[in-house]
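Trainee: everything below, folded, please.
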Amino acid sequence: MLNSTFPFPHCGGAILPFPLETMEIILREDIKGLGYKDDIVTVKGGYGRNYLIPQGLAIIASPSNKKMIEENIRQASHKAEKVKKDAEDLAAKLEGVTLELPAKAGESGKIFGAVTVLQIADVLKEKGFEIDSRRISLNHDK
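Mentor: From the prediction side, this is the model:
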């Protein structure tokens, strides 16, 4: 069994900084059967060096890279909390708001065409709510 303390003649007798059998890497993307983005996983050395790292799917899990990933995760978590809080605040403001949209309807009460997010955003703007139409989603009941 080879390990990092065995000198290799083809490397100038240098001692490798990692064992040949396995290595720790940080995933840059979700990889089925291996892990999710920013996970630290152990893989066989050849798989990591010859496929994952050259393809840009992973980086070596050095102490500095681990710190960088931890900081990125912390910042993403903070940003997600802020977005969630803003959305909850907006939902609380919109709780009792009723929107009336003019539309042509048939005798049975069904409207012709559809109500679009742009129409909803315009009516909300008239009521004093500045909401980007891309943030509005409609659930269509069938």
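Trainee: and residue 49, its phi and psi?
Mentor: phi -70, psi -40 (degrees, to the nearest 10).
Trainee: for the closest residue to it other than its chain neighbours, list the residues it contacts.
Mentor: The shortest distance from residue 49 to any non-neighbouring residue, by C-beta to C-beta, 6 or more residues apart in numbering, is to residue 23 (7.4 Å). Yep, even glycine has a C-beta here, placed from its N, CA and C like the rest. The contact partners of residue 23, by C-beta atoms under 8 Å, 6 or more residues apart in numbering, come to 42-45, 48-49, 60-61.
Trainee: could you do residue 57 as well?
Mentor: 27-29, 31, 51.
Trainee: can you check the pLDDT for residue 113?
Mentor: Note for residue 113: predicted pLDDT of 79.
Trainee: ranges for the strands of this protein?
Mentor: 22-27, 40-44, 58-60 (DSSP state E).
Trainee: nearest to residue 80, out of these?
Mentor: Smallest distance to residue 80 across the strands of the chain (C-beta to C-beta): 19.3 Å, for strand 22-27.
Trainee: tell me, how many residues neighbour residue 127?
Mentor: If you count neighbours by other C-beta atoms under 10 Å, residue 127 ends up with 10.
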